[in-house]
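In: Sequence and predicted structure below; questions after.
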Amino acid sequence: MTDTTAPRPTTAHELPAADDPRLKDTWMRRQLVVLVVGVAVLSLLPLLLGEQAQSVAIRTLIFAIMAVGWNLMSGFGGMFSFGHAAFFGIGAYTGAYLLVDHGISPWISMVVAAVLSAAVGVAIAYMCLRYKLAGSYFALATFAFAQMFLLIVQNLDVLNKTEGFNVEILPSDSWSMLQFQQGSPLYFWIPLAILAVAVLISILYVRSRAGQYAQAVRDDEVAASSLGIDTMRARLIAVALSCGVTAVAGVYYTQYYFFVGPEQAFGSAVSVEAIIPAVIGGIGTIWGPVIGAAVVGPLSELVATVLRNPPGFLSFLQGTSGLDVAVYATLLIIIVIVMPKGIFGTIRDRWRS
Amino acid sequence: MSLLEVEGLTKKYTGLTAVDTVDVTVDDREFLGIIGPNGAGKTTLFSLLAGSQEPTSGRIVFDGTDITGWSAQKVARTGLVRTFQLMRPFESMSVLENVTIASLGRRSRKDARRHALGVLERVQLEQYATAASGSLPTAGLKRLELARALAMEPRMILLDEVLAGLVPAERAPMIELLRDLHGDGLTVMFVEHIMAAVMALSERLVVMHDGRVLTQGVPAEVIAEPQVIEAYLGEDY
């Protein structure tokens, strides 16, 4: 290595005072305040919602956790994943397998799944980056891996092939097994807490050295490496966090629905569900995926409900199958056209200017 | 004492030798200018030195360490840092954040931010600290390139056409700034087309042509050499 005792000439200039007002950075504090207030307000929701509305809200929370996870590597890291079903699926199946076959608590499974998923994600991303797959090729590669996992799971005896796992319903409440009375607000509060942790990870990560490096690499890889940044390492850290967070959403999914099969875990629809909230809400922003999920989650349900029992002037639409999906898709397209940077991204940019 | 020693450095592409057995040494605290017509291999030479590209053959020794074939990130961390002719800001970030990224390698986050603001003051960019880096005019982006490199606290800096794209009124302050930095002990190797700047700053001049070192020496003498004039005229006519 170089002689580090040699004088570094360009540091000779004077440093600004430590309390220089231009150095003040309240961003992190503001995000944490929003997080605490947001969680406090949302935790009241189960008291207002009926049982059916609560199940929609819970599904929305699972979407949100996935999207926050997806956003860590795709938004801040600039590596667009079209295969996050792989990591959600690893979570869902790790939870199911450990619980059903070994009676292990889902809380432990969350940790195991996060670590396993992060390791698999890092291995996949390393191979893609090593062979210089970028942009749409990277996205395609991740998609291919997710499809591969789907096929493997469908053919593995130990994972019950296409039948998946059913979680046994316990006779009484159990914190360790994460089972409560049907409709219990705990089924909402627990994923809310997981989401809060996922957002907290995002906030801390974005301002950390690793997060700053990942964003620099996303913006300009060549410039980043010329500043001494280990671009591979920066990217793999983003991938590990992303896959870990998404896997936890998977574990909770199995737990809440008491069932998981290959399509629910590894199907390509799952990958899309991780992407849409982030795109609608704002890629590469802290709050975008959460806001996007809050819009997208209830929206599909709302459209389906309205079309199932349409108001009088729309009665001719009744019974047209698949129409709700078409309407839902159209609404998403309109949002993307009106707000190309996502709901949060667009509003934030207007606010700033 | 020489800080950088380059021996027989060569970069071959299929059907083209961009850099051809180049020998150059740069003394500690020297200001070395490199000129040559377009396509002479100046930028490729920088890329080889900075680790952005791997040489076909030859040796690069920086500060006593053989750094031949090292990656760009590793070279940068040893104190040999380059700037880019085409500015490459991190566009999602503010000007201050851009420079802080470069300081983070050696400092804590808080300290890096403070140090980065100090560097911005040094290059007179502090009034844009919170501006979006993509919104800077060309002159600002050139200074940002320089600021990021300086924030690495390098021993030697490779400047690739840091004056290109500046209007004449913007050149004098930039030349002044480079002279100050050099005066503080920074070793500089720069590629430049604007001859006024080359003559004002270079202590020694290397002329490249067709990937080779055509000649080198005292600037005023070098540019008067017939072969140098021919190399330039040959391109223009």
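Out: Structure's in. What do you need? Residues are numbered from 1 along each chain as shown, chains lettered A, B, ... in the order given.
In: could you pull out the helices for the stretch 101-250 of chain A?
Out: A:106-130, A:135-154, A:186-207, A:209-219, A:221-226, A:231-257 (DSSP state H, counting those that start in this stretch).
In: now chain B
Out: With DSSP state H as the criterion, chain B has helices at B:42-50, B:72-77, B:95-103, B:109-122, B:138-151, B:168-183, B:195-201, B:219-222, B:226-236.
In: export those helices to CSV and tack on mean neighbour count?
Out: Quick note: C-beta positions are derived from backbone N, CA and C, even for glycine. Shown next, in CSV, are the helices of chain B (neighbours: other CB atoms under 10 Å in any protein chain shown):
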stretch, mean neighbour count
helix B:42-50, 24
helix B:72-77, 22
helix B:95-103, 27
helix B:109-122, 21
helix B:138-151, 24
helix B:168-183, 15
helix B:195-201, 16
helix B:219-222, 15
helix B:226-236, 12
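In: looking at those helices, which is closest to A:Gln318?
Out: helix B:95-103 (54.7 Å; CB to CB).
In: do that closest one and chain A meet at all?
Out: Yes. Residues of helix B:95-103 contacting chain A under CB under 8 Å from any CB of the partner chain: B:96-97, B:100-102.
In: and that helix, what does it pack onto?
Out: Where contact means 3 or more CB pairs under 8 Å, 6 or more residues apart in numbering or on different chains; DSSP states H and E, helix B:95-103 is packed against helix A:209-219, helix B:109-122, helix B:138-151.
In: how about low-confidence regions in chain B?
Out: In the predicted model, chain B carries pLDDT under 70 at residues B:234-237.
In: and the residue of it nearest chain A?
Out: B:Gly185 (3.4 Å; CB to the nearest CB).
In: Would you check that that residue makes contact with B:Phe31?
Out: No. In this structure, B:Gly185 is not within contact of B:Phe31 by CB atoms under 8 Å, at 11.2 Å.
In: higher neighbour count, these two?
Out: Neighbours were counted for B:Gly185 and for B:Phe31 using other CB atoms under 10 Å in any protein chain shown; B:Phe31 has more, 20 against 15.
In: Let me see the contact set for that one.
Out: By CB atoms under 8 Å, 6 or more residues apart in numbering or on different chains, the residues touching B:Phe31 are B:182, B:187-188, B:190, B:201-204.
In: A:Leu32 too?
Out: Going by CB under 8 Å, 6+ apart, A:Leu32 touches A:200, A:203.
In: Secondary structure element holding it?
Out: Here A:Leu32, judged by DSSP states H and E, is contained in helix A:27-42.
In: how far is that helix from where the chain is centred?
Out: Relative to its chain's centre, helix A:27-42 lies at 18 Å (CA atoms, centre = their mean, to the nearest Å).
In: ditto for stretch A:40-54
Out: 22 Å.
In: How about residues contacting that stretch?
Out: By CB under 8 Å, 6+ apart, the residues outside stretch A:40-54 that reach it are A:57, A:182-183, A:185, A:187-189, A:192.
In: tell me the two of those that are most distant?
Out: Comparing every pair within the contacts of stretch A:40-54 by CB to CB identifies A:Gln182 and A:Leu192 as the most remote, at 18.2 Å.
In: between the two, which one's more packed in?
Out: Neighbours were counted for A:Gln182 and for A:Leu192 using other CB under 10 Å; A:Leu192 has more, 22 against 9.
In: Was I right to think the more buried one contacts A:Leu61?
Out: Yes. Counting by CB under 8 Å, A:Leu61 is a contact partner of A:Leu192 at 6.0 Å.
In: State the three-state secondary structure for A:Ala17.
Out: coil (DSSP: H, G, I helix; E, B strand; the rest coil).
In: so where is chain A shaky, pLDDT-wise?
Out: Low-confidence segments of chain A (pLDDT under 70): A:1-13, A:319-320.
In: hmm, 90 instead?
Out: A:1-25, A:51, A:134-135, A:171-172, A:183, A:299-333, A:335-336, A:340, A:349-353 (pLDDT under 90).
In: circling back to that earlier point, okay, the contacts of B:Phe31 in JSON lines with distance to chain A next?
Out: JSON lines is the format used below for the contacts of B:Phe31 (distance: CB to the nearest CB, whole Å):
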{"residue": "B:His182", "distance to chain A": "9"}
{"residue": "B:Thr187", "distance to chain A": "8"}
{"residue": "B:Val188", "distance to chain A": "11"}
{"residue": "B:Phe190", "distance to chain A": "15"}
{"residue": "B:Leu201", "distance to chain A": "16"}
{"residue": "B:Ser202", "distance to chain A": "19"}
{"residue": "B:Glu203", "distance to chain A": "16"}
{"residue": "B:Arg204", "distance to chain A": "19"}
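In: Can you tell me which of the residues you listed is nearest A:Leu140?
Out: B:Phe190 (42.6 Å).
In: so that closest one makes contact with B:Gly33?
Out: Yes. The pair B:Phe190 / B:Gly33 is scored as a contact, 5.9 Å apart, by CB under 8 Å.
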